[in-house]
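Asker: Pasting a predicted model and its sequence here:
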Amino acid sequence: MRNTHILIIPFPAQGHVIPAMELALNLATHDFKVTFVNTEFNHERVMKALSETDSVPELVQMVSLPDGLKPSDDRSDITKLWGSIFDVMPGELMALIERINGSESDKVSCVIADPTMAWALEVAEEMGIKKAAFSPAATALLALIFSIPSLVENGVLDSNGQPMRKESIQLSPTMPLIKTSDLFWNCMHDEVQRKLLFKFSIKIIEPTKLAERLICNSSSCLESGTFASYPDFLPIGPLLSSNRLGKSTGYFWREDSGCLAWLDQQPPHSVVYVAFGSFTVFDRNQFEELALGLELTNMPFLWVVRENIIEDLNNAYPTDFKERMDRRGCIVSWAPQQKVLSHPSIACFISHCGWNSTLEGISNGIPFLCWPYFGDQIFNQSYICDYWKIGLELNKDESGIIRREEIKNKLERVLGDEGFKGRVLDLQEQILNSVREGGSSHKNFDDFLSWIKD
Ligand SMILES: O=c1ccn([C@@H]2O[C@H](COP(=O)(O)OP(=O)(O)O[C@H]3O[C@H](CO)[C@@H](O)[C@H](O)[C@H]3O)[C@@H](O)[C@H]2O)c(=O)[nH]1
C-alpha cells in the first residue's frame, strides 16, 4: 500500500525547526511518510546533535537544500538569510520534489510550510500538490501580518511599517491590543533590518493564503479572541514532546542532560531556570549583571549559557563567580528544556519569551520573569505580563541595563505572590486539556489528519 507522503519545510531557525520536527514526528506516528527539509547548514547541525540512539532518522526522512549563503556567512542576520532563501530555495525545492517523485513510489502529496517559507506553497501549487501552512509563533502575529495592507491603507502605518501615531492597534474587538512599539519588525535592532522584515512580512501574505489549511502552534485558551476573529487559523498546539511521550528533537546543539541529575538533588519549587533561546546575545556588562543578580537571589539556578551568547565566554563571568556558585548553580550550554521545565524543582523561568519557551513554561505551570531580546518576544512579553498576568517584566535602568537588584526584587515579587502561580496553573490546565482527546487542538489536529488523507 502506498503511504501519503508529506514534505515539511520550516524556516531555518531553532525556534522554527523544533516545533516543525514535533509536527513531523506526530505525523510519522500516524503512519504518514514524512520528509523534513532543513537547510544544508542546519541539517549538519541537527544530525550532529542527535544522540546515537535517536530514532528520528528511522521515523522521518531528513534531507537538505542550500540556503544560498556561503558556509562562513552569518546566519543570525535573519533578513540576509531570508533574502537569500527567497532567491535560491524555490528552484531547489522544485528540483528536490521532482527527484523524490522520480525515484520513490510514494510521491510527495502534501507540502507543509512555515508561513515565512510560504514560497514553498507556490512551488506546491505549481506542481499540483496539496498545501498547508504551519505557524510556530503567536497567532496574533500572523493576524497582524495579514492585516498590514489594511493598516497601511487606513493610515495606521506608513509604507515602511512605521506607526503614523503613537497608539495601540486592535485588529478586532476580541483581540489584545498591540502597542505600536511592540510591532515585531520594529523590535529589530537596526533600521535596515526593520524595513526588510516589514517588506518580507508583506511578501509572504499572498503565498500563505494559498494554504488550504493553516495550522498554528497555539491553543484557543491562549488566543481565543484571535481564533474567533480568524476562523481559518486552526490551533493544534501546544506541540510538545510530552504529548507523544517522546523526546524533543531538532536541536542545533547537543543537549547536556547532566543538569537533570542536578535538578533531582534540589528541593521542589526551588530553582530558577534561566534560558534565552537560540538567538539572544549579551554584552559583557549585562552578562555580568545577570550573573551577579542570580548570586544575589540566594536561590539555586540552572542557567543555559550558549557558546555564542557572548564574545569571549571564558572571560565573561565575574571573578570567582563559578567557584562561589559551584554548589548553588548549574550552568550548561544547551539544556533539554522541555524536560527541565517539567521537573518538580523548577520555581520560575527567566525567559526571553520566544513563543516555544512561552508555551513550554505555561504547559508546565511555571511563572515567568520576562527578558525579551528582539522581534516577536516583546509582544509575547505583553501576553505574559499584561494579558495572562503570569509573569513580570524586568525593567532596564536609564543606561539600558537590567540590574542585579531588579532581578532579585522581581523574582521575590513573582514568587511571593500566589496569584502568578494560580493563574499559570489555571492556564496550564486549560492548555493541556486542549491537546487531550476531546480538546479543541486535538480535534483540529484530527481534522487536519483526515484532510491530508482525503
Ligand atoms: O537550552 C535550551 C534552550 C532552548 N531550547 C529549546 O529551543 C527552543 C527555543 O525556541 P523559542 O523559545 O521560541 O526561542 P528562539 O530560539 O529564540 O525562537 C525563535 O523562533 C520563535 C518562534 O517563531 C520566536 O518566538 C522567537 O522570538 C525566535 O527568536 C524551545 O523549544 C526550547 O525548548 C532547548 O531545548 N534548550
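Answerer: Structure received.
Asker: after the helix or strand bottoming out on mean pLDDT in the chain comes which helix or strand?
Answerer: The weakest-scoring helix or strand in the chain, judged by mean pLDDT, DSSP states H and E, is helix 56-59 (a mean of 87). Once helix 56-59 ends, the next helix or strand along the chain (criterion: DSSP states H and E) is strand 61-65.
Asker: Now the element after that following strand, going C-ward?
Answerer: helix 78-103.
Asker: That following helix vs the ligand: in contact?
Answerer: No. Using CB under 6 Å from any ligand atom, helix 78-103 stays clear of the ligand, with a minimum separation of 8.8 Å. From N, CA and C alone the C-beta is placed, and that goes for glycine too.
Asker: In the stretch 251-400 of the chain, where is pLDDT below threshold?
Answerer: Along the stretch 251-400 of the chain, segments meeting pLDDT under 70 are nowhere present.
Asker: What about the closest residue to the ligand within it, how many residues nearby?
Answerer: As assessed by CB to the nearest ligand atom, the ligand sits closest to residue 354 within the stretch 251-400 of the chain, at 2.3 Å. Residues within reach of residue 354, counting by other CB atoms under 10 Å, total 26.
Asker: any idea how far residue 120 is from it?
Answerer: For residue 354, the distance to residue 120 equals 23 Å [CB to CB, to the nearest Å].
Asker: Check which residues of stretch 310-319 are buried.
Answerer: 310, 316, 317 (16 or more other CB atoms under 10 Å).
Asker: need the residues of the stretch 1-150 of the chain near the ligand, please.
Answerer: So the stretch 1-150 of the chain meets the ligand at 13, 14, 15, 16, 18, 136, 137 (CB under 6 Å from any ligand atom).
Asker: could you dump the residues you listed to JSON lines with secondary structure and distance to residue 207?
Answerer: Formatted as JSON lines, those follow (DSSP: H, G, I helix; E, B strand; the rest coil; distance: CB to CB, whole Å):
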{"residue": "13", "secondary structure": "coil", "distance to residue 207": "19"}
{"residue": "14", "secondary structure": "helix", "distance to residue 207": "23"}
{"residue": "15", "secondary structure": "helix", "distance to residue 207": "21"}
{"residue": "16", "secondary structure": "helix", "distance to residue 207": "17"}
{"residue": "18", "secondary structure": "helix", "distance to residue 207": "23"}
{"residue": "136", "secondary structure": "coil", "distance to residue 207": "17"}
{"residue": "137", "secondary structure": "coil", "distance to residue 207": "17"}
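Asker: Turn those into a markdown table, columns for pLDDT and neighbour count.
Answerer: Formatted as a markdown table, these follow (pLDDT from 0 to 100; neighbours: other CB atoms under 10 Å):
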| residue | pLDDT | neighbour count |
| --- | --- | --- |
| 13 | 97 | 22 |
| 14 | 97 | 20 |
| 15 | 97 | 21 |
| 16 | 98 | 25 |
| 18 | 97 | 24 |
| 136 | 98 | 27 |
| 137 | 98 | 27 |
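Asker: Tell me which stretches of the stretch 101-250 of the chain form strands.
Answerer: Using DSSP state E, counting those that start in this stretch, the strands of the stretch 101-250 of the chain run over residues 108-113, 130-135, 168-169, 178-179, 213-216, 233-235.
Asker: Same list (those strands) but as TSV, adding mean neighbour count.
Answerer: Listed next are those as TSV, based on neighbours: other CB atoms under 10 Å:
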stretch	mean neighbour count
strand 108-113	25
strand 130-135	24
strand 168-169	16
strand 178-179	18
strand 213-216	22
strand 233-235	24
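Asker: Export those as TSV, with columns for mean pLDDT and distance to residue 290.
Answerer: Converted to TSV, the strands of the stretch 101-250 of the chain look like this (pLDDT from 0 to 100; distance: least, CB to CB, whole Å):
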stretch	mean pLDDT	distance to residue 290
strand 108-113	97	37
strand 130-135	98	31
strand 168-169	92	31
strand 178-179	91	26
strand 213-216	98	32
strand 233-235	98	34
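Asker: Reformat the ones you listed as TSV; add distance to residue 384.
Answerer: Output for those, formatted as TSV (distance: least, CB to CB, whole Å):
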stretch	distance to residue 384
strand 108-113	28
strand 130-135	19
strand 168-169	17
strand 178-179	14
strand 213-216	18
strand 233-235	18
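Asker: what is the mean pLDDT for stretch 25-38?
Answerer: For stretch 25-38, the mean pLDDT works out to 96.
Asker: Give me the buried positions along that stretch.
Answerer: 25, 26, 27, 28, 32, 33, 34, 35, 36, 37, 38.
Asker: Where do the domain boundaries of this protein fall?
Answerer: Per automatic domain parsing, the structural domains of the chain span 5-247+436-453, 258-431.
Asker: Quick check: the residue of the stretch 51-200 of the chain nearest the ligand.
Answerer: residue 137 (3.7 Å).
Asker: I'd say that residue and residue 377 touch.
Answerer: No. With contact defined as CB atoms under 8 Å, residue 137 does not reach residue 377; the gap is 10.0 Å.
Asker: Alongside the ligand, which residues does the stretch 301-450 of the chain contribute?
Answerer: 304, 334-335, 337-338, 354-357, 360, 375-377.
Asker: Next, residue 331: secondary structure please.
Answerer: With DSSP: H, G, I helix; E, B strand; the rest coil as the basis, residue 331 sits in strand.
Asker: That one against residue 303, yeah?
Answerer: Yes. Counting by CB under 8 Å, residue 331 does reach residue 303; the two are 5.0 Å apart.
Asker: same question for stretch 199-206, mean pLDDT?
Answerer: Here the average pLDDT along stretch 199-206 is 96.
Asker: Please enumerate residues in contact with it?
Answerer: 79, 82-83, 86, 115-116, 118-119, 145-146, 148-149, 161, 185 (CB atoms under 8 Å, 6 or more residues apart in numbering).
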